[in-house]
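In: Everything below, folded, please.
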Amino acid sequence: MKTNEKKKILIVEDEKNIAELLAVNLMLAGYAYEVAYDGEDGLNKALGGEFDLILLDIMLPKMNGFEVCTRIRRRLSTPIIMVTAREEEKDKILGLDTGADDYVTKPYSFNELLARIKSNIRRSAGELIAAAPEEEENHTLSVRGLVIDTARYAVELNGEPIELTKKEYDLLCFLVSNLGRPYSREELLEQVWGYEGFYGDIRTVDVTVSRLRAKIEADTSRPEYLFNKRGVGYYIK
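Out: Modelled structure (predicted):
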């Protein structure tokens, strides 16, 4: 795993004072960085450079963050953290659905953002959720008609492919690897997102679960796979 000095972060932020403050703090934390001040420049730099993580604002000139994220995801799996003042739940859902790995709202503490940056880079570098040992050899996890090919990062339901974001995939693999065991949102933030203490937003778990459930359940009001044990947590049975 590379050291922090070799990690490079792309900041896509149109407010120069915020971008400069982020840049200074990232430099002090040992990261290299590059800045783009509009969506088009951010997209071009993301696709043309080798970055370990992208900090992406939503309200950008020329192209908004949702569109930038969607276009990046067509080509790259680089971790993306959306950093924005927009707190509406629909914006968070849209951000995660377009492929963002996480969502941080302004104002935030840099320590919180740094914890999320470290976690996303670490997991992207290969520290992913491990499959159950007995199933790892054939690279397949399955629950009835739901089949996960961990070698190809592919998921099928009754023979039909399902497109999942990286976090939806990680969450599904983790829960299938631990069938029947409910996990609280805090536990999932730690196990799947890699966050510790208060640095994770538990709403991120709920949004990701909701999106995953919509993709694997025929009727989300009567789930067959992904359940919530009230007061305990989420699980797959």
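
In: and the residue lying closest to D102 once chain neighbours are set aside, what element?
Out: Excluding the flanking residues, the one nearest D102 by CB to CB, 6 or more residues apart in numbering is I81, at 4.6 Å. Using the backbone N, CA and C atoms, a C-beta is placed for each residue, glycine as well. Using DSSP states H and E, the element containing I81 is strand 80-84.

In: Go ahead and name everything in contact with that strand.
Out: 13, 53-59, 65, 69, 72-73, 91, 95, 99-106, 108, 113, 116-117, 120 (CB atoms under 8 Å, 6 or more residues apart in numbering).

In: Just the ones in strands from those residues, please.
Out: L53, I54, L55, L56, D102, Y103, V104, T105 (DSSP state E).

In: mind putting those residues in JSON lines, pLDDT, neighbour count and distance to R230 included?
Out: Putting those into JSON lines (pLDDT from 0 to 100; neighbours: other CB atoms under 10 Å; distance: CB to CB, whole Å) gives the following:
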{"residue": "L53", "pLDDT": "94", "neighbour count": "25", "distance to R230": "36"}
{"residue": "I54", "pLDDT": "96", "neighbour count": "27", "distance to R230": "37"}
{"residue": "L55", "pLDDT": "95", "neighbour count": "25", "distance to R230": "36"}
{"residue": "L56", "pLDDT": "94", "neighbour count": "29", "distance to R230": "35"}
{"residue": "D102", "pLDDT": "84", "neighbour count": "24", "distance to R230": "26"}
{"residue": "Y103", "pLDDT": "83", "neighbour count": "25", "distance to R230": "26"}
{"residue": "V104", "pLDDT": "84", "neighbour count": "19", "distance to R230": "29"}
{"residue": "T105", "pLDDT": "80", "neighbour count": "15", "distance to R230": "28"}
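
In: and which of the residues you listed is nearest to E40?
Out: For the ones in strands among the contacts of strand 80-84, the minimum distance to E40 (CB to CB) is 13.0 Å, reached by L56.

In: give me the low-pLDDT residue ranges for this structure?
Out: 1-5, 86-92, 124-138, 196-201 (pLDDT under 70).

In: where exactly do the strands run in it?
Out: 8-12, 32-36, 53-56, 80-84, 102-105, 140-143, 146-149, 154-157, 160-162, 226-229, 233-236.

In: still on that earlier bit, what is the orientation angle of the strand holding I81 with strand 8-12?
Out: 40 degrees (axes from the mean of the first three to the mean of the last three CA atoms, to 10 degrees).

In: Note down every partner strand of strand 80-84 and its orientation.
Out: In the sheet, strand 80-84 lines up against strand 53-56 (parallel), strand 102-105 (parallel) (DSSP bridges).
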